[in-house]
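Visitor: with the sequence up front, the predicted model follows.
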Amino acid sequence: MARIYGYSDSEKTYLDNFPKQVRQIDDISPVYQQLKQEYHSADGILTWFKRWQKKRQINQIIRAKKKYKHHYKGAIGETKVIEELSQLPNHYHVLCGVKITLPYFIKYDGKKNLKSAQMDFVVVCKKGIYMIEVKNWHPEFAKNHNGFSPYEQTHRAGRILWVYLQSWNSKAKVANVLLSINHGTFQYTEKYRHVLVTSLDRLAYFLENKPDILSDKQIKRTVKRLKGKVTK
């Protein structure tokens, strides 16, 4: 199985709104039921305080599920990607929620306006280095979205990763991948010809159907540089 480093940034952001007993999405329902049981069975000299504490946590779960339901889809999507990537051979290293900030601004699209990026996943393996941006968007929504398009988001993040790796390995190459969840595959566009597109059901084939280009030593050095940048 592939080696996983860190946590999905979307999942962590979502779960930060829940009681500390909730460590992963699958914990939400069991923890909720456990808190309800503890609320009704509380007794002793501090019964009122125990019930107040449990009720507060129960309400926290209810509020978080309602208020942050839009984050839930992103968290579920990235969790599915981790499950899929974890099935790859053990020479695959999957770094989750990679955040890189450069010491200076770099040029993007003719302007010196790019310095940092949050990357959903970086995969380092014999096949190369892949920066993966995950989108649970319908293509029509993406067309009308204000702000950076999914293609530009992917390209910008890949650019940051490439510059960071170039600082110690001038031969480093990064493949930028826009991964669609649930709504088919984004179409390849010539404007962003350096952004590859694929879907979750084709991800493993997409990665494995490439020639080997990195040695074990190169993989180890790259992972060592990146694993301190993951979401923890």
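Guide: Alright, I've got the coordinates. Numbers count the residues shown, from 1 in each chain.
Visitor: list the contacts of Gly158.
Guide: Neighbour list for Gly158: Met131, Val174, Ala175, Asn176, His194, Val195 [criterion: C-beta atoms under 8 Å, 6 or more residues apart in numbering]. Any C-beta I mention is one placed from the backbone N, CA and C, and that applies to glycine too.
Visitor: recalculate using a threshold of 6 Å.
Guide: Counting by C-beta atoms under 6 Å, 6 or more residues apart in numbering, Gly158 touches Met131, Val174, Asn176.
Visitor: where does the second one land on pLDDT?
Guide: Meaning Val174. On pLDDT, Val174 comes in at 97.
Visitor: measure the residue nearest to it when sequence neighbours are not counted to Tyr14 for me?
Guide: The shortest distance from Val174 to any non-neighbouring residue, by C-beta to C-beta, 6 or more residues apart in numbering, is to Trp162 (4.4 Å). Going from Trp162 to Tyr14 by C-beta to C-beta, to the nearest Å gives 29 Å.
Visitor: could you point out the longest helix in this protein?
Guide: If you go by DSSP state H, the chain has its longest helix at helix 47-67.
Visitor: list the buried residues in that helix.
Guide: Buried residues in helix 47-67, counted by 16 or more other C-beta atoms under 10 Å: Lys50, Arg51, Lys54, Gln57, Ile58, Gln60, Ile61, Ala64, Lys65.
Visitor: and it, what other elements does it pack with?
Guide: The contact analysis (3 or more C-beta pairs under 6 Å, 6 or more residues apart in numbering; DSSP states H and E) places helix 47-67 against helix 28-41.
Visitor: thinking again about what came up before, show me which of Trp162 and Tyr14 is the more surrounded one.
Guide: The residue with more neighbours, out of Trp162 and Tyr14, is Tyr14; 25 against 18, by other C-beta atoms under 10 Å.
Visitor: tell me what the helix or strand containing that one is packed against?
Guide: Using DSSP states H and E, Tyr14 maps to helix 9-15. Where contact means 3+ C-beta pairs under 6 Å, 6+ apart, helix 9-15 is packed against helix 69-85.
Visitor: run through who's touching the following helix or strand past the helix it packs on.
Guide: Going down the chain from helix 69-85, the next helix or strand is strand 93-108, by DSSP H and E. Residues outside strand 93-108 that contact it (C-beta under 6 Å, 6+ apart): 2-9, 85, 112, 114-116, 118-119, 121-124, 160, 163-164, 223, 226, 229-231.
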